[in-house]
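# next comes the sequence, and after it the predicted model I'd like to discuss.
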2 protein chains.
Amino acid sequence: MLNQSTSLDLAFQALADPARRAMLERLSQGPASVSELAKPLQMSMPAVLQHLAVLEQAGLASSRKTGRVRSCELNAARLEDVQKWLNARRAEWEARFDRLAAYLNTLDEGNKNG
Amino acid sequence: MLNQSTSLDLAFQALADPARRAMLERLSQGPASVSELAKPLQMSMPAVLQHLAVLEQAGLASSRKTGRVRSCELNAARLEDVQKWLNARRAEWEARFDRLAAYLNTLDEGNKNG
DNA sequence: GGAATAGTTAAGTATTGACTTATCTATTTG
DNA sequence: CAAATAGATAAGTCAATACTTAACTATTCC
């Protein structure tokens, strides 16, 4: 599947990096400048800007420049998209468990009544 | 953060590939052999095995071989770990919104009573 | 036992990813 | 206006990904 990126691909890919997750953790508490995002990270500014670009392309963050400062913020909607996929998997998984339990129950009932 | 992989890194990284997500979608409905996982994917068996290895290393799936067939299954616990991180971000995000709303409310109250 | 089945290993390639340093451009601020 | 601040762009490096083909190993079935 090389080179065909859906929106979920980009989101999960963006979330896979600890530096980017740290940036999102900061942003989930409110807007921040690029420098603020960079401060706790041990890497150069260009690296941080590249991570920010990845987050923006994934739709997980957005930013706009005012004067010389770029203010960044979290895009919670995309976070929700990711959660939806995970929830769907969990739901299927649990549905199967429920069916299994129900089946085992009929076996037990049959045992009682046979 | 090159070369220091936490468990979340591996999980998100594994989830970033559409072929691997397809495998997990299949596995969320119950166990499957490697061939079954491979069938809907347009790639060679070695490629599928490599994807499976990524899922296992990320803790998202496990497998064991019986005879000549390897049976794979979903590991829902690791899926939950991922959900927890996302839930935490959403919670922080919403808490900030609530605080903001409460603050705006005090402004409004002050306006009425002043 | 021999052919088909199911998976495995090895090794190679092309593309992405995650940085770096160096340089450059706007905006404040003293 | 000069210096500090905040960010941006370019270009290069090195490692990791996502495949591929070819060859090989166990099972199972006839």
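All right, it came through fine.
# make it CA atoms for all contacts and neighbour counts henceforth
Noted.
# hmm, stretch A:20-31 touching DNA strand C?
No - Stretch A:20-31 stays clear of DNA strand C (C-alpha under 7 Å from any atom of the strand), getting no nearer than 7.9 Å.
# what is the neighbour count of the residue of chain A found nearest DNA strand D?
In chain A, the residue that lies nearest DNA strand D is A:Ser35 (3.4 Å; C-alpha to the nearest atom of the strand). Using other C-alpha atoms under 10 Å in any protein chain shown, A:Ser35 has 15 other residues around it.
# what residues are up against A:Arg26?
Residues in contact with A:Arg26 (C-alpha atoms under 8 Å, 6 or more residues apart in numbering or on different chains) are A:Ala32, A:Leu37.
# wait, is it part of a helix?
Yes - using DSSP: H, G, I helix; E, B strand; the rest coil, the assignment for A:Arg26 is a helix.
# for A:Leu52, see how far away it is.
Relative to A:Leu52, A:Arg26 is positioned 12 Å away (C-alpha to C-alpha, to the nearest Å).
# mind checking which helix or strand the residue of chain A closest to DNA strand D is in?
Here A:Ser35 sits within helix A:34-38, counting by DSSP states H and E.
# which other residues reach that helix?
Residues outside helix A:34-38 that contact it (C-alpha under 8 Å, 6+ apart): A:Met23, A:Arg26, A:Met45, A:Val48, A:Leu49, A:Val69, A:Arg70, A:Ser71, A:Cys72.
# now tabulate those residues in CSV and tack on secondary structure.
Shown next, in CSV, are these (three-state DSSP):
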residue, secondary structure
A:Met23, helix
A:Arg26, helix
A:Met45, helix
A:Val48, helix
A:Leu49, helix
A:Val69, strand
A:Arg70, strand
A:Ser71, strand
A:Cys72, strand
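# quick check: buried residues in the helix holding A:Ser35?
A:Val34, A:Leu37, A:Ala38 (16 or more other C-alpha atoms under 10 Å in any protein chain shown).
# please apply the same query to stretch A:58-78.
In terms of neighbour count (16+ other C-alpha under 10 Å), stretch A:58-78 has its buried residues at A:58-63, A:71-76, A:78.
# out of the buried residues of helix A:34-38, which comes closest to DNA strand C?
Of the buried residues of helix A:34-38, the one sitting nearest to DNA strand C (C-alpha to the nearest atom of the strand) turns out to be A:Ala38, at 10.4 Å.
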